[in-house]
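*Asks:* One predicted model, sequence on top.
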Amino acid sequence: MKKLIIFFMIVLIMILYIGCTPKDESKVQEVSKEIKNQQALEERGVFISYIDYGVLNGKNKREMESIITKMIDNISDFGLNSVILQTSPFSDSIYPSKIYKTSHVVVKKEGDELPLDILKFFIDKAKEKNIDVYAWVNPYRIRNENNIEILNKEAYYYKWLDTSNIEISKKGIFLNPASQEVLDYITKGLEELCNNYDIKGVIYDDYYYPSETIDLKDYEKTDKRISLKEYRINNINKLIEQSYNTIKKVNKNIKFGLSPAGNIENNLDKEYLDIKNILKSNKIDMIIPQLYYGFNNTSKPYIKTLGEWSNINENNLDLYVALSLYKSGNIDKWAGQGQNEWLENDDIIKKQVLVARNENNYKGFYIFRYDNLFNNISNEKLNAEVDNLKSIIDR
């Protein structure tokens with residue numbers, strides 16, 4: 001429908017232009033301006049993950065500045081206008097903080113002094129190119145491994161290692177969602193972040209409940225009037241609500257959004273994220289579901305899944321789609337009959353954006369992730385996918 005409207009507006013421009021007098025030229029310019037404004041409203045962005053920070057780790061200030069400047073130039077030259085930047089991947093930070101220690105993904109050892117305020121420099125360089133920056137926070141993760149010897153003993157959370165506030169398992173080291181102390185710690189970090197940096201918004205990703213055992217002791221202390229599942233859903237609801245309230249208290253213009261897994265049922269059953277009710281709660285401003293599925297995925301085909309997200313968005317929140325460029329040129333082993341789709345085609349992402357543009361409340365797309373978009377020279381299929389995507393980006 002949007003495309004038809006734009007088409008007819010272009011035809012109108014041509015008709016007006018052919019027979020216009022000098023007085024009519026202003027009408028042509030007004031219509032042209034409206035079309036450009038519609039195109040400019042689309043957020044076109046990329047996730048920059050802690051995995052992408054390998055090029056920054058251990059570098060000096062000048063080297064970091066040069067690398068970040070090049071990243072922003074790449075993003076701008078491609079025609080993108082937004083970045084979701086992972087600022088706290090492991091209960092740490094890529095910026096100077098009184099709450100967190102410096103992340104081991106940007107310095108040689110957790111807690112080492114930063115040669116550069118990475119977040120501020122990203123924001124400053126992005127502003128020069130009219131690019132918005134969202135801060136991406138992982139609320140509960142401390143490590144993806146269980147070796148406590150690598151942790152900074154002066155980290156805020158370290159005193160909780162022998163308490164129920166932290167669980168150490170084969171999966172790693174994680175904060176307990178049932179703990180109010182933990183929740184206050186998380187939102188204290190948000191308060192500092194939003195006070196100190198000119199960000200467009202804050203995004204939580206798809207990881208919520210770390211395990212099926214982390215909060216059992218806490219649940220045993222309750223009166224058990226609700227089920228364990230309901231208890232966990234309530235804990236995540238508290239995270240969302242307290243995070244939203246904290247952010248808005250600092251600055252009501254900073255957006256708060258979620259980028260959950262694309263499978264709505266798994267969000268509820270495995271992460272205890274009751275996304276249907278959260279979308280009705282007025283406690284988030286935007287939603288970026290990770291629609292990491294091909295068109296031929298047997299259980300979650302892209303078009304059907306996108307429609308499901310649009311249908312549950314009853315409060316008409318801004319809807320963005322997160323898309324899986326990293327799958328291009330690879331077998332999608334969980335896709336059933338569509339497992340070879342990303343091997344056989346090189347225009348999937350392009351088509352997914354075109355489909356999404358016709359969806360109600362669609363506001364833009366985000367590509368996961370930076371290295372897949374700009375640093376995959378050897379992957380011919382992915383490079384073709386990138387070229388096809390670029391062809392539909394209006395600049």
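*Replies:* That came through, no problem.
*Asks:* Tell me where the model's unsure across the stretch 251-395 of the chain.
*Replies:* 395 (pLDDT under 70).
*Asks:* Glu149 - how many residues pack around it?
*Replies:* 5 (other Cβ atoms under 10 Å). For every residue, glycine as well, the C-beta is placed using N, CA and C.
*Asks:* Equivalent analysis for the one 10 residues further on, please.
*Replies:* Neighbour count for Lys159, taken as other Cβ under 10 Å: 12.
*Asks:* Look at it and give its secondary structure.
*Replies:* helix (DSSP: H, G, I helix; E, B strand; the rest coil).
*Asks:* so how far is Arg44 from Gly79?
*Replies:* 6 Å (Cβ to Cβ, to the nearest Å).
*Asks:* all strands of the protein, in order?
*Replies:* In the chain, the strands defined using DSSP state E lie at 43-48, 82-88, 132-137, 141-143, 166-169, 172-175, 201-204, 255-258, 286-287, 318-323, 362-368.
*Asks:* Buried ones in the first one, by neighbour count?
*Replies:* Think strand 43-48. Neighbour counts using 16 or more other Cβ atoms under 10 Å place Glu43, Arg44, Gly45, Val46, Phe47, Ile48 of strand 43-48 among the buried residues.
*Asks:* do the last one as well
*Replies:* The neighbour-count check on strand 362-368 (16+ other Cβ under 10 Å) flags Tyr362, Lys363, Gly364, Phe365, Tyr366, Ile367, Phe368 as buried.
*Asks:* Cross-check the contact I'm expecting between the fifth one and Ala322.
*Replies:* Yes: with the criterion set as Cβ atoms under 8 Å, Tyr366 and Ala322 qualify as a contacting pair; they are 4.8 Å apart.
*Asks:* shared neighbours, those two?
*Replies:* With contacts defined as Cβ atoms under 8 Å, 6 or more residues apart in numbering, the residues shared by Tyr366 and Ala322 are Phe47, Ser259, Ile288.
*Asks:* show me the contacts for the last one.
*Replies:* Pointing back at Ile288 there. The contact partners of Ile288, taken as Cβ under 8 Å, 6+ apart, are Ile84, Ile203, Gly257, Leu258, Ser259, Tyr320, Val321, Ala322, Tyr366.
*Asks:* Quick one, which of those residues are buried?
*Replies:* Ile84, Ile203, Gly257, Leu258, Ser259, Tyr320, Val321, Ala322, Tyr366.
*Asks:* I'd like those residues written out as JSON lines, with distance to Lys127 added.
*Replies:* Putting these into JSON lines (distance: Cβ to Cβ, whole Å) gives the following:
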{"residue": "Ile84", "distance to Lys127": "16"}
{"residue": "Ile203", "distance to Lys127": "19"}
{"residue": "Gly257", "distance to Lys127": "20"}
{"residue": "Leu258", "distance to Lys127": "25"}
{"residue": "Ser259", "distance to Lys127": "23"}
{"residue": "Tyr320", "distance to Lys127": "21"}
{"residue": "Val321", "distance to Lys127": "25"}
{"residue": "Ala322", "distance to Lys127": "24"}
{"residue": "Tyr366", "distance to Lys127": "19"}
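*Asks:* from those, which single one is nearest Glu167?
*Replies:* Using Cβ to Cβ, Leu258 is the member of those that sits closest to Glu167, with 23.0 Å.
*Asks:* does that closest one really touch Gly201, like I thought?
*Replies:* No: assessed by Cβ under 8 Å, Leu258 is found out of contact with Gly201, at 10.8 Å.
*Asks:* So for those two, which residues contact both of them?
*Replies:* Joint contacts of Leu258 and Gly201 (Cβ under 8 Å, 6+ apart) are Met286.
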